[in-house]
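Visitor: Let me see the structure of the following:
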Amino acid sequence: MTKNIGIVGLGIMGSAISGNFIKAGYKVIGFDIDTQRCEELANKGGTALSSPGEVAINSDIILTSLPSSMALNQVVSGKDGIAAAGNIDAPIMECSTLPIEDKQINFDKLADSGITLLDTPLSGTGAQAITKDLAVYLSGDEAASNICSTIIDGFARAHYYVGEFGNGSRMKYVANHLVAIHNVAAAEALVLGMKAGLDAQTIFDVIADSAGTSRMFEIRGPMMVANNYEAATMKIKTWQKDMGIISDFAKSLDCPTPLFNTTADLYTSGMAQGRADQDTGSVCAVLAEMARLKR
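Guide: Now for the predicted structure:
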């Protein structure tokens, strides 16, 4: 078993992943700019260090789970960043959903320092991360990917090697394209049923066991039924970032995405209604308001 797993970024995903590694018997060290998140890691049995560079020096494999390209740039090239940390043999799994070109910049920067960066985004929500119901899309150096694959069962249920660096992100964009659509479809179906006078819980129970179900219906349906979106597994404001990345990706390929484009307006409406920190399942509340459905 690999002894030391380093995790940089202890937000919704990083926190869940670190907890699962600890439960699986790995030694976890981590860093986050939010000191409270570092304290939470320590309370779970992990060790919080003072910088990304310090994490890298002390790790056998490193995972980064970050909210933005700016954050990745800082982790790699900032003061006490990984690139300046010295002789790092540990491969880095970059698990964030970011533009490929921004990951490539950091790939090149780390390569100059002899460090291997893999593009390894994750498919799954924060709730799925807690239960290890994640899939990992490995891309980049195949030998390094094989090394990283040995620890994946500590935090995920499946992994796929999809080829050259950047293919992991390309696959993740395709997956999130469907998540955007399925999430809105689940909300629309529930609102339709409730508007027709059906009980929300009954709709969920029946449709979840039907040909019309989806993973998003099963995961986000319960919060839509409860009409409570505060325990966010993916905040709308974060999802807006992902939506923009997918939209730009499709435009760069001159590939039409009419269904995806339609869903974007509903997430934007959620932002306008003050739901930025709520789960993306709150599009159900947006649609309910549009349908003049009182709940």
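
Visitor: for the protein, which helix is longest?
Guide: helix 167-195 (DSSP state H).

Visitor: Where do the strands of this protein begin and end?
Guide: 4-8, 27-31, 47-48, 61-64, 92-94, 117-119, 122-123, 135-138, 158-161 (DSSP state E).

Visitor: Out of those strands, flag the one nearest E101.
Guide: The minimum distance between E101 and the strands of the chain falls on strand 117-119, with 11.6 Å, by CB to CB. In short, each C-beta sits where N, CA and C put it, glycine included.

Visitor: Contacts for the closest one next, please.
Guide: Outside strand 117-119, the residues within contact range by CB atoms under 8 Å, 6 or more residues apart in numbering are 91-94, 100, 103, 106-107, 110-111, 137-141, 144-145, 148, 165-169.

Visitor: And the buried ones among the residues you listed, selectable in PyMOL?
Guide: In PyMOL, this line selects whichever of the contacts of strand 117-119 come out buried by 16 or more other CB atoms under 10 Å:
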select buried, resi 91+92+93+94+100+103+106+107+110+137+138+139+140+141+144+145+148+165+166+167+168+169
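
Visitor: Identify each buried residue in the longest helix of the chain, please.
Guide: Quick answer for helix 167-195 (16+ other CB under 10 Å): 167-173, 175-191, 193-194.

Visitor: Kindly report the same for stretch 157-166.
Guide: Residues of stretch 157-166 classed as buried by neighbour count (16+ other CB under 10 Å): H159, Y161, V162, G163, F165, G166.

Visitor: so for the longest helix of the chain, what's the average pLDDT?
Guide: When pLDDT is averaged along helix 167-195, the result is 98.

Visitor: Contact partners for M271?
Guide: I236, K237, Q240.

Visitor: What residues does the last one make contact with?
Guide: I take that to be Q240. Counting by CB under 8 Å, 6+ apart, the residues that Q240 touches are Y267, T268, M271.

Visitor: repeat for the second one
Guide: Taking CB under 8 Å, 6+ apart as the definition of contact, the neighbours of K237 are M271, A276, D277.

Visitor: do the same with the first one
Guide: Contacts were defined as CB under 8 Å, 6+ apart; by that measure I236 touches Y267, G270, M271, R275, A276, D277, Q278, D279, T280, S282.

Visitor: Quick one: find the helix or strand in this protein with the lowest mean pLDDT.
Guide: Within the chain, no helix or strand scores below helix 126-130, which has a mean of 93 by mean pLDDT, DSSP states H and E.

Visitor: residues in contact with that one?
Guide: 12-13, 16-17, 19-20, 122, 134, 155, 219, 232-234.

Visitor: mind checking how far that helix is from the chain centre?
Guide: Between the centre of helix 126-130 and the centre of its chain there are 9 Å (CA atoms, centre = their mean, to the nearest Å).

Visitor: Name the residues of that helix that come out as buried.
Guide: Buried, per 16+ other CB under 10 Å, within helix 126-130: G126, A127, Q128, A129, I130.

Visitor: Which pLDDT value does the model give G86?
Guide: On the pLDDT scale, G86 gets 81.
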